[in-house]
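Chemist: Just a sequence and a predicted model for now, questions to come.
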Amino acid sequence: MRVAIITPRYPPNVHGGGEISVQLLANELSPQVDRVEVFSFDGAGARSVDGIKVHRFRSLPHQILECSNLLAYLPLRRKLKQLESFDVLHSYNIVLNPVVGRLSSQMDVPSVATLNSYDLLPKSAFGIKAPPKRRLYELLSMGTTGRIIRSETKRINRFITLSDASRTIYRENGFQDVPIDVVPNMLDPSFKIPESGTDSNSYQLLFVGSLIREKGVKYLIESLSHLSSDISLRVVGTGDQRQPLESLANRLEVNSRVDFTGQIPYEQLRQYYTDADLFVHPGVWPEPFGRTLLEAMQAGLPVVATNLGGPTEIVQQDELLCPPRNAKKLAETISLARDRSGDGVQNQAYVYKRYSPETVIDEICDVYQLAMDGW
């Protein structure tokens, strides 16, 4: 089996978990198939990354799907003969799914696409209020050029969502007539956690992620007002909500208990997991998955999350799931997690079994085979 992976960015160009996930896919898939090559839009030329051949094209300057797919079509079209030599095309990261659908049908090469976000859908489809620019785009484009984008996307033979929750949202919003398989992200086997953490007299909570409204960090900071003073919080990440969150911590007089680290290197993050006592994911939207939850569980941490989206399928202890946008309930769940024992050990055993590369790659190869067989 020969697989071409098409993605907007590929490491060392990393903007978030999507790039980490696509590199894991390529690296772990490579020993299991005849050939894997990557085509990405974040540079120029071709070279190997960890033994994987990566063809890079100029970066796509537009975030609007219609523009980015038009700009991606010509360079990929010039590689048509090369792409025709593969048995399956895998579009990873939703941005380029339309152009991959178009090329797949033109070449008659089977294709698979990972729906790792909801960019094809209006924000209201998953309970989020669109900001002004996005709202304008939805009003002007969703019913016109957006239809073309979705139509081209549906040329893809099979789709993958990262959770049942994500598949349900797509099924309810125009994708009920296409085959969708659920295959989660895999853990990173190289993400080794140091054995000992920093000595601390406090009970440390950890959040890792973008500081945007959807992540719900506001409610996590508010929850500190309902928790004992020996509980501290480390917030790892950056985003447009950092300053408002810092101001909130000051107003609530919990700023001495909150450490905003900003964005840190992936390697340094390992120590932060070791230093923590509990990982908290306070999201307020149905996130498709949650790679940071896997990392926390690899580190042997108990995890508290809101009962929305993909994280509900990762966290195995129902008692540690709580309603979103409710600081008091979040605080109660954090206190419950603190009083329990054994959840971290249970998490670690579970995550290495369910999300191991061997397990996930087998599931992905099954999807490839279904696409190649015409199912």
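Modeler: That came through, no problem.
Chemist: Surely Ser104 is within a strand?
Modeler: No - counting by DSSP: H, G, I helix; E, B strand; the rest coil, Ser104 falls outside a strand, being helix.
Chemist: Let me know how buried the nearest residue to it once chain neighbours are set aside is, in neighbour terms.
Modeler: Spatial nearest neighbour of Ser104, chain neighbours left out: Ser111 (3.6 Å); criterion: C-beta to C-beta, 6 or more residues apart in numbering. Every residue, glycine included, has its C-beta placed from N, CA and C. Counted with other C-beta atoms under 10 Å, residues neighbouring Ser111 total 26.
Chemist: that's a strand at Ser91, yeah?
Modeler: Yes - secondary structure of Ser91, determined by three-state DSSP: located in a strand.
Chemist: That one against Ser111, yeah?
Modeler: Yes - using C-beta atoms under 8 Å, Ser91 is in contact with Ser111, at 6.7 Å.
Chemist: Any figure for the gap between the closest residue to Glu84 other than its chain neighbours and Leu76?
Modeler: Of all residues not flanking Glu84 in the chain, Met107 sits nearest, at 5.1 Å (C-beta to C-beta, 6+ apart). Distance from Met107 to Leu76, counting by C-beta to C-beta, to the nearest Å: 10 Å.
Chemist: what touches both of these two?
Modeler: Residues touching both Met107 and Leu76 (C-beta atoms under 8 Å, 6 or more residues apart in numbering) are Leu83.
Chemist: Tell me which of the two has more neighbours.
Modeler: Neighbour tally, Met107 and Leu76, criterion other C-beta under 10 Å: the higher count belongs to Leu76, 23 against 15.
Chemist: That one and Leu83 touch, don't they?
Modeler: Yes - the pair formed by Leu76 and Leu83 meets the contact definition of C-beta under 8 Å, at 7.0 Å.
Chemist: which neighbours do the two share?
Modeler: With C-beta under 8 Å, 6+ apart as the test, Leu76 and Leu83 both reach Phe39, Leu103.
Chemist: Tell me the secondary structure of Phe289, please.
Modeler: Per three-state DSSP, Phe289 ends up coil.
Chemist: For whichever helix or strand Ala46 is part of, which helices and strands make contact with it?
Modeler: For Ala46, the host element (DSSP states H and E) is strand 45-49. In terms of contacts (3 or more C-beta pairs under 8 Å, 6 or more residues apart in numbering; DSSP states H and E), strand 45-49 is packed against strand 52-57.
Chemist: Only the buried residues of the strand it packs on, if you could.
Modeler: Buried positions in strand 52-57, judged by neighbour count with 16 or more other C-beta atoms under 10 Å: Ile52, Val54, His55, Arg56, Phe57.
Chemist: Could you single out the nearest of these to Gln271?
Modeler: Set against Gln271, the nearest of the buried residues of strand 52-57 by C-beta to C-beta is Ile52 (28.2 Å).
Chemist: any idea what sits nearest that closest one, other than its immediate chain neighbours?
Modeler: Ala26 (4.8 Å).
Chemist: Just list the residues touching the one you found, thanks.
Modeler: Here Ala26 is in contact with Ile5, Tyr10, Val36, Val38, Ile52 (C-beta under 8 Å, 6+ apart).
Chemist: One more pass at 7 Å, please.
Modeler: Ile5, Val36, Val38, Ile52 (C-beta atoms under 7 Å, 6 or more residues apart in numbering).
Chemist: from these, which is closest to Asn97?
Modeler: Ile5 (12.8 Å).
Chemist: In which helix or strand does that closest one reside?
Modeler: Going by DSSP H and E, Ile5 is part of strand 2-7.
Chemist: Return the distance of Ser141 relative to Leu220.
Modeler: From Ser141 to Leu220 the distance is 34 Å (C-beta to C-beta).
Chemist: So these two - more neighbours on which side?
Modeler: When neighbours are counted by other C-beta under 10 Å, Ser141 and Leu220 differ, and Leu220 comes out ahead with 23 against 16.
Chemist: Which of the contacts of Ala26 are buried? Put it as a PyMOL command.
Modeler: The following PyMOL line selects those of the contacts of Ala26 that are buried, judged by 16+ other C-beta under 10 Å:
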select buried, resi 5+36+38+52
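Chemist: can you put the contacts of Ala26 in a markdown table and add pLDDT and distance to Leu136?
Modeler: As requested, the contacts of Ala26 are exported to a markdown table (pLDDT from 0 to 100; distance: C-beta to C-beta, whole Å):
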| residue | pLDDT | distance to Leu136 |
| --- | --- | --- |
| Ile5 | 98 | 33 |
| Val36 | 97 | 40 |
| Val38 | 97 | 34 |
| Ile52 | 96 | 39 |
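Chemist: Show me the shaky parts of the stretch 51-200 of the chain.
Modeler: 196-199 (pLDDT under 70).
Chemist: tell me the strands in it, going along the chain?
Modeler: Using DSSP state E, counting those that start in this stretch, the strands found in the stretch 51-200 of the chain span residues 52-57, 88-92, 111-115, 158-161, 180-182.
Chemist: For these, please prepare TSV with the additional fields distance to Asn347.
Modeler: Formatted as TSV, the strands of the stretch 51-200 of the chain follow (distance: least, C-beta to C-beta, whole Å):
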stretch	distance to Asn347
strand 52-57	30
strand 88-92	27
strand 111-115	25
strand 158-161	23
strand 180-182	21
